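Peer 1: mind folding the following:
(2 chains)
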Protein chains: 2
Amino acid sequence: MPVFLNSRDADFAPRFAALLEMKREDAPEVDDIVAGIIADVRKRGDAAVIELTERFDRLSLTPATLAFSPEEIAAAIDEVPAAERDALELAAERIRAYHVRQRPEDARWTDPEGATLGWRWTPVSAAGLYVPGGLASYPSSVLMNAIPAAVAGVERLVMCAPTPGGRVNPLVLLAAHLSGVETVYRIGGAQAVAALAYGTATIAPVDKITGPGNAYVAAAKRRVFGKVGIDMIAGPSEILVIADADNDPDWIAVDLLSQAEHDESAQSILITDDEGFGRAVAAAVDKRLETLERRAIAGASWRDYGAVVTVRDLAEAAELSDRIAPEHLELCVADPEALSARITHAGAIFLGRWTPEAIGDYIGGPNHVLPTARSARFSSGLSVLDFMKRTTLAQMTPAALAAIGPAAETLARSESLEAHGLSVRARLDRLNRTAGDGEGA
Amino acid sequence: MPVFLNSRDADFAPRFAALLEMKREDAPEVDDIVAGIIADVRKRGDAAVIELTERFDRLSLTPATLAFSPEEIAAAIDEVPAAERDALELAAERIRAYHVRQRPEDARWTDPEGATLGWRWTPVSAAGLYVPGGLASYPSSVLMNAIPAAVAGVERLVMCAPTPGGRVNPLVLLAAHLSGVETVYRIGGAQAVAALAYGTATIAPVDKITGPGNAYVAAAKRRVFGKVGIDMIAGPSEILVIADADNDPDWIAVDLLSQAEHDESAQSILITDDEGFGRAVAAAVDKRLETLERRAIAGASWRDYGAVVTVRDLAEAAELSDRIAPEHLELCVADPEALSARITHAGAIFLGRWTPEAIGDYIGGPNHVLPTARSARFSSGLSVLDFMKRTTLAQMTPAALAAIGPAAETLARSESLEAHGLSVRARLDRLNRTAGDGEGA
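Peer 2: Residues are numbered from 1 along each chain as shown, chains lettered A, B, ... in the order given. Below is the predicted model of the structure:
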């Protein structure tokens, strides 16, 4: 049974607070193991990666077979049925069209003092994408990670995907191919992250590592952060649906289940202004759970973390939504635009009754890598900007330095940083001497 | 003696690689202590913060005196001499004018299928700025952290600044006042970071923490990352100057020293296409070091980490610069624009002979919080974007869902995520039934 809350109830405040604080993840303590694996890969390179792959993935590799060969990739891609290939191509095209609009603009201007200021964006030179093996090996995630990197202009884009027992998902290789991945290494775990960060004889190091993974991968990403850039470390998925009584309860039920089926730790919450509708949705969830393929997972998630919250009105729904700061937010109401304007913290908003969240997972265009665990309060989904960085630019003229340099000297003195002041003063003295010589500045 | 390298030498490649790999920071192992402090503040709130402040800063506070009162701030600001106030105001104005241009734009469009897509930027609700006590208590850093937050539209902006023995830097309080900081808490260390992240009875929690600090502060920021957002964890400062022989060696010498004086672990590197000029700069550094106030610090930095690299030409200088990926890069050459176009990785570029890096520390306009330790390969200086986040938006029409929904269903099936497909199918079935009824979609 999910939790049923009503904002009119006397104990609503503490119960809602408890919902927010609910801990959904058992992070196993793997940090020491991961530290050992990283040290081993730094020391022994390919040999360590090969040994660890043999141990964890039951797969014998050599330096020459660490990466898939072009022939292996072509053969795997040939296996993909036409319908799936077409769907993946359409998804890639739509994701690319959305992300191309995220390319940031450079700027350059001259201020009244004559200083030229601005900035310039450039891509990261090399990025590595981690793709989990097994159940969570999603071709859609390959597109969502690799396409923003390709759009950013990343020169070298590689991928690590473990193939336990040698099993490969051909759709993952097709997705890599469609999104411009250069090389796919059949390695995983902390050893793959270490190889990407520090490099081996066979695998050149990258500057940025993104992509989901298990606890070992997450711990390894935390450890190499600083040596390379990483994306957010994602927690279990979440959806919040705000729905009025004019929805089909079954539509909302399948929307809630589409997150719940990801993971027993996923969380699906409905906020509605009609308590009876909330009960109808819960009943529809139970009915769908009778036949759903992943009913064991989805049922556990809904039972342990699901919630149905009844509120007085949609304004209250927006307030509660901002406290939840959901990863995914569906607004299944008559005027989704107006409700959306009241929302500040959400990873992605799906407006209106005809926009199920699953559209955003695959084909809408926006990224599906989004901030979880209330981190939408301070962070954003993956974007082209994650694969670029900004260099600031400044150029003084002698006149500009004469205008603003003295203030810099004053501040340097107040911070007891004499050489800072001298670097300005040496130049201003030359200007003064030149002016004294009657030559002007 | 700094290192002297010449790219023509047989052993240049390994010696330059060694320069890149040089470890300049002794990170003391404070993680366990910091974990204990955070746990204590989470458990006992104000009481823990007050006890720790008494122990580490020899300062007795009560919940009522944790923050400076408006009267205390006004009195401190009154102490600031007019010249310093004017300089700080000019700096604040110029930094604001630069950062206002960084405000990102929202986007919204409708694609050929009828799907409306876009994104929206919103500010973080509350941000906390950490300002170190003692020597490194820089008013300029207050401006550089707080103004981007204020420009982003952060609603609640607070600051923590330890005041060991009760000593306050009035300029720091003036800088806070000028940049829109609401409350200044006289606490520091890991306890301040914990209070900002988790909140106490007196200190409301924030969503994002930025600002420099010692090893305890850095370890605490790493630990609270995820609960709140943090900025980069900065290492010791660095400057790379690329200079031809047409510069005054003394100007370049003071530029190099303006980083060296920050910290014994700072690093100053000169790359020049004229070996004799390199020697002249080194001689000028030695001469300046005879009288510099912070000669002990600057001398140690130059001796242990300084380098003078002679290259064949400026194209080679640009290549080496990209391998260094410097925090600060000065281009003291005849055509800085052309050289700048060859550079991909740098936190900030200062163009031409009249733009000493110190201008950027105080008054140029761009931010002085910049990526260190080669992280300019994948990250950027602090900006307005660090205090904002992006929500993606998607809205389907029935026709748009009919056009792209089937591909989402296909992909959901290929990932064995049935409910994802059902959430699309339930809606498409309604459309088909409606169409069958002759009502159209």
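
Peer 1: okay, CA-based contacts and neighbour counts for the rest of this
Peer 2: Will do.

Peer 1: quick check, stretch A:21-34 touching chain B?
Peer 2: No - contact check for stretch A:21-34 against chain B, using C-alpha under 8 Å from any C-alpha of the partner chain: none in range, with a minimum separation of 11.3 Å.

Peer 1: which parts of that stretch are buried?
Peer 2: Neighbour-count burial for stretch A:21-34, with 16 or more other C-alpha atoms under 10 Å in any protein chain shown as criterion, is recorded at A:24, A:31, A:34.

Peer 1: distance from the chain centre to that stretch, please.
Peer 2: Stretch A:21-34 has its average C-alpha position 19 Å from the chain's average C-alpha position, going by C-alpha atoms, centre = their mean, to the nearest Å.

Peer 1: got it, and stretch A:130-141?
Peer 2: Averaging C-alpha coordinates over stretch A:130-141 and over its chain gives two centres that are 14 Å apart (C-alpha atoms, centre = their mean).

Peer 1: just stretch A:140-152 next, same as before
Peer 2: 11 Å.

Peer 1: residues in contact with that stretch?
Peer 2: A:88, A:92, A:95-96, A:99-100, A:103, A:123, A:127, A:129, A:131, A:157, A:172, A:175-176, A:178-181, A:210-211, A:361-362, A:367-369, A:382-388, B:411 (C-alpha atoms under 8 Å, 6 or more residues apart in numbering or on different chains).

Peer 1: what about it, average pLDDT?
Peer 2: Along stretch A:140-152, the predicted confidence averages to a pLDDT of 97.

Peer 1: export it as CSV, just CAs?
Peer 2: Taking Å, rounded to 0.1, in the frame of the first residue of the first chain, the C-alpha atoms of stretch A:140-152 are listed here in CSV:
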residue,chain,number,x,y,z
SER,A,140,18.3,5.2,-25.0
SER,A,141,20.8,6.2,-22.3
VAL,A,142,23.6,5.8,-24.9
LEU,A,143,21.8,8.4,-27.1
MET,A,144,21.1,10.7,-24.2
ASN,A,145,24.8,10.8,-23.1
ALA,A,146,26.6,10.6,-26.4
ILE,A,147,24.6,13.0,-28.5
PRO,A,148,25.1,16.1,-26.3
ALA,A,149,28.8,15.3,-26.3
ALA,A,150,28.8,15.0,-30.1
VAL,A,151,26.8,18.2,-30.5
ALA,A,152,29.3,20.0,-28.1
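
Peer 1: for chain B, see how far away A:Ala218 is.
Peer 2: In this structure, A:Ala218 lies at 12 Å from chain B, with C-alpha to the nearest C-alpha, to the nearest Å as the measure.

Peer 1: now the residue lying closest to that residue once chain neighbours are set aside: how far from A:Arg222?
Peer 2: Here the nearest residue to A:Ala218 in space, its sequence neighbours aside, is A:Ile233; by C-alpha to C-alpha, 6 or more residues apart in numbering or on different chains that works out to 6.3 Å. Separation of A:Ile233 from A:Arg222 (C-alpha to C-alpha, to the nearest Å): 8 Å.

Peer 1: please apply the same query to A:Met388.
Peer 2: A:Met388 sits 20 Å away from A:Arg222, going by C-alpha to C-alpha.

Peer 1: in helices, which of the buried residues of stretch A:21-34 fall?
Peer 2: With helices identified by DSSP state H, the entries of the buried residues of stretch A:21-34 that belong to them are A:31, A:34.

Peer 1: using JSON lines, lay out the buried residues of stretch A:21-34 together with pLDDT.
Peer 2: Rendered in JSON lines, the data for those read as follows (pLDDT from 0 to 100):
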{"residue": "A:Arg24", "pLDDT": "78"}
{"residue": "A:Asp31", "pLDDT": "85"}
{"residue": "A:Val34", "pLDDT": "95"}
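
Peer 1: count the neighbours of the closest residue to chain B within the stretch 151-300 of chain A for me.
Peer 2: Sorted by distance to chain B under C-alpha to the nearest C-alpha, the residues of the stretch 151-300 of chain A start with A:Ser258, at 4.7 Å. By the measure other C-alpha atoms under 10 Å in any protein chain shown, the count of residues near A:Ser258 is 26.

Peer 1: kindly report the same for the one 4 residues further on.
Peer 2: Burial measure for A:His262: 23 neighbouring residues, criterion other C-alpha under 10 Å.

Peer 1: could you measure from the residue in the stretch 1-150 of chain A positioned nearest to chain B over to A:Glu182?
Peer 2: When distances are taken as C-alpha to the nearest C-alpha, the stretch 1-150 of chain A approaches chain B most closely through A:Ala87, which lies 4.7 Å from it. Relative to A:Glu182, A:Ala87 is positioned 22 Å away (C-alpha to C-alpha).

Peer 1: higher neighbour count, those two?
Peer 2: A:Ala87 (21 against 13).

Peer 1: now stretch A:165-179: mean pLDDT?
Peer 2: When the per-residue pLDDT values of stretch A:165-179 are averaged, the result is 93.

Peer 1: tell me which residues of it come out buried.
Peer 2: A:168-179.

Peer 1: between these, which is nearest B:Gly421?
Peer 2: Ranked by distance to B:Gly421 (C-alpha to C-alpha), those are led by A:Leu171 at 17.4 Å.

Peer 1: and the strands in chain A?
Peer 2: A:3-6, A:107-110, A:116-123, A:126-130, A:156-160, A:183-185, A:208-210, A:229-230, A:238-243, A:267-272, A:307-310, A:328-332, A:348-351, A:388-395 (DSSP state E).

Peer 1: so where's chain A uncertain?
Peer 2: Within chain A, the ranges that satisfy pLDDT under 70 run A:26-27, A:135, A:436-441.

Peer 1: apart from its neighbours in sequence, what residue is nearest A:Gly226?
Peer 2: B:Ser375 is the one closest to A:Gly226 (C-alpha to C-alpha, 6+ apart), at 6.8 Å.

Peer 1: what sits against A:Thr163?
Peer 2: For A:Thr163, the residues meeting the contact criterion (C-alpha under 8 Å, 6+ apart) are A:57, A:59, A:133-134, A:186-188.

Peer 1: who are the neighbours in contact with A:Ile252?
Peer 2: Counting by C-alpha under 8 Å, 6+ apart, the residues that A:Ile252 touches are A:241, A:243, A:281.

Peer 1: redo that, cut-off 7 Å
Peer 2: If you count contacts by C-alpha atoms under 7 Å, 6 or more residues apart in numbering or on different chains, A:Ile252 has them with A:Val281.

Peer 1: equivalent analysis for A:Arg186, please.
Peer 2: Listed by C-alpha under 7 Å, 6+ apart, the contact set of A:Arg186 reads A:66-68, A:160-163.
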